[in-house]
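>>> just the structure for this:
(one chain, ligands or ions: 1)
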Amino acid sequence: MFKRILIANRGEIALRVIRACRELGVESVVAYSEADRGARYLELADRAICIGPARSDQSYLKINRVISAAELAQVDAIHPGYGFLSENSHFAEICRSCGYEFIGPTSEAMELLGNKNAARAAARRSKTPTVPGSDGLITSESEGLAVAREIGYPVLVKASAGGGGRGIRQANNDQELKRALQEAAQEALTAFGNPDVYIEKFIENPRHVEAQILADAHGNVVHLWERDCSLQRRRQKLVELTPAPNLSLAKRKALCEAAVRLAKESGYTNAGTVEFIVDKNGDFYFIEMNARIQVEHPVTELATGIDLIKAQIRLAAGEKLPYAQQDIKHRGFAIECRINAEDVEKNFRPCPGKIEELIAPGGFGVRFDSHVYAGYTVSPYYDSMIGKLLATASTREEGLAIMIRALEEFHIKGIKTSIPLLLNILKSPKFAAAAPDVGFIERHFMTK
Ligand code: ADP
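Sure thing, here's the model as predicted:
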């Protein structure tokens, strides 16, 4: 096991990793920016090292500064958290070549999966269903038109190097497709330096269901079941839960087993998430794999009793998975609500500022993962998420009642948060009745 780990991240995920390190008897060192100086979670680490100014391109994203902190603190490994450098294969390679284990997959696996066209090909090789579409890259307009006519409109043109929703265009006919091919390629070239595009059938009102996997460096891969993350606004997840509603056990199993096959096919190690869209018939299609720990990982922890951050650290240290697939039990229901500092009524504008009062909820089945407290100032420089409220119970009905009770108990003054919207959604009869798709929140809860 490692003696000391550098945490190249901030906020709740930095605190989450500090806690895991403490429990494992591993020392933690946090690299922080000037904007996070004085944040109380830094005191819980064994050491904290300032790596630069508030702007993340001068601190949390600056590879040479992170590596300098690792050198200074003489760590054995680096945990990248999520966001920032976590999916940067170049960073993973530099860490390892400098002698620091990167807590995540190999840079080769990250590169393969970071390219959507290559990831789609790997999915096909592993018999993981992909969205019907082109066999590979589209190299000419006529080829694109032929593919679209064969699978039928509407289609999506997607950039192979795309991410964060960029480089995607919808087309409903030949005319639109010609434009979409050009625009997607141009946007991808500008944003990612790579104009490659491919075509996928557009799936109407899909749900977003993802499978959590863990893989060791000895060829063993297991899944820890799925999370339904369809409750989104503009592709930002707001609520995640498990099990996915209205999906049979057989379908859930098939989806998770497909994720395991893809992880094996791509030589994946450590924790990862395979994302699928699910159509009205419950048929699922691979869309991408995230080569990092995800924000919503505690949903899986509550449902399985497995600490994913400790698992990541142990796997990076070369340990074997201590459980086989049949040892992993899904114990009921778990849900996460993202508490964001934003003004829902003003088009979700971020709402940084000082938290004057804070009393977080607790009680049976409640977990709150957060780095904030009364007196903490939410910085305008970073993501507006200030914490994740989770609930778990043996049934969905009971779990939702716990979550609603906990959201109602949540007392926070000084900044606006997403709590009123979350309550509106969870209390709505429409939510109780349906298995929401990715457009659910915008259709029912966005008036303008
Ligand atoms: P990015 O990497 O940019 O986030 P994804 O390929 O993951 O792009 O797609 C982003 C979102 O777009 C998905 O979560 C889903 O809601 C939607 N989407 C992706 N592919 C399709 C498709 N073939 N049909 C309908 N919606 C899709």
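
>>> stretch 211-227 spans what distance, first to last residue?
6 Å (CA to CA, to the nearest Å).

>>> again but with stretch 44-63, I slipped
Taking CA to CA, stretch 44-63 runs 24 Å from one end to the other.

>>> who in the stretch 151-300 of the chain is up against the ligand?
Taking CB under 6 Å from any ligand atom, the part of the stretch 151-300 of the chain that reaches the ligand is made up of 156, 162-166, 200-203, 206, 208, 235, 277, 287-288. C-beta coordinates here come from the backbone N, C-alpha and C atoms, glycine included.

>>> and the furthest pair within the residues you listed?
Greatest spacing in these, by CB to CB: G164 and K201 (21.8 Å).

>>> more neighbours: these two, which one.
When G164 and K201 are compared for neighbours, K201 comes out ahead with 19 against 8, by other CB atoms under 10 Å.

>>> re earlier: out of the residues of the stretch 151-300 of the chain next to the ligand, the closest to L390 would be?
Distance to L390 across those (CB to CB) is lowest for H208, with 18.6 Å.

>>> helices of this structure, residue ranges please.
Counting by DSSP state H, the chain has helices at residues 11-24, 63-73, 89-97, 107-114, 116-125, 141-151, 174-192, 249-265, 297-304, 308-316, 396-409, 419-427, 429-433, 440-445.

>>> so which residues make contact with the fourth one?
By CB atoms under 8 Å, 6 or more residues apart in numbering, the list of residues contacting helix 107-114 from outside reads 87-90, 92-93, 96, 104, 118-119, 122, 161, 163, 266-269, 288-289, 291.

>>> which members of the residues you listed are classed as buried?
Buried residues within the contacts of helix 107-114, counting neighbours by 16 or more other CB atoms under 10 Å: 87-89, 92-93, 104, 118-119, 122, 161, 163, 266-269, 288-289, 291.

>>> quick check: the residue of the protein nearest the ligand.
Nearest residue of the chain to the ligand: I203, at 3.7 Å (CB to the nearest ligand atom).

>>> how deep is that residue tucked in, by neighbour count?
Per other CB under 10 Å, the neighbour tally for I203 reads 20.

>>> wait, doesn't it sit right on P132?
No - using CB atoms under 8 Å, I203 makes no contact with P132, being 9.3 Å away.

>>> so what sits against both of these two?
Both I203 and P132 lack any common contact, where contact means CB under 8 Å, 6+ apart.

>>> burial check on the closest residue to R149 other than its chain neighbours, number of neighbours?
Using CB to CB, 6 or more residues apart in numbering and skipping residues adjacent in sequence, the residue nearest R149 is D174, 7.9 Å away. A total of 13 residues lie near D174 under the criterion other CB under 10 Å.

>>> ditto for N205
N205 is flanked by 14 other residues according to other CB under 10 Å.

>>> leaving out chain neighbours, which residue sits closest to it?
D437 (4.2 Å).

>>> so which bits of stretch 285-305 are buried?
Quick answer for stretch 285-305 (16+ other CB under 10 Å): 285-304.

>>> for it, how far is the first residue from the last?
Stretch 285-305 end-to-end distance (CA to CA) = 28 Å.

>>> cool, and stretch 266-283?
First residue to last in stretch 266-283 (CA to CA) measures 23 Å.

>>> for it, the averaged confidence score.
Taken as a whole, stretch 266-283 carries a mean pLDDT of 96.
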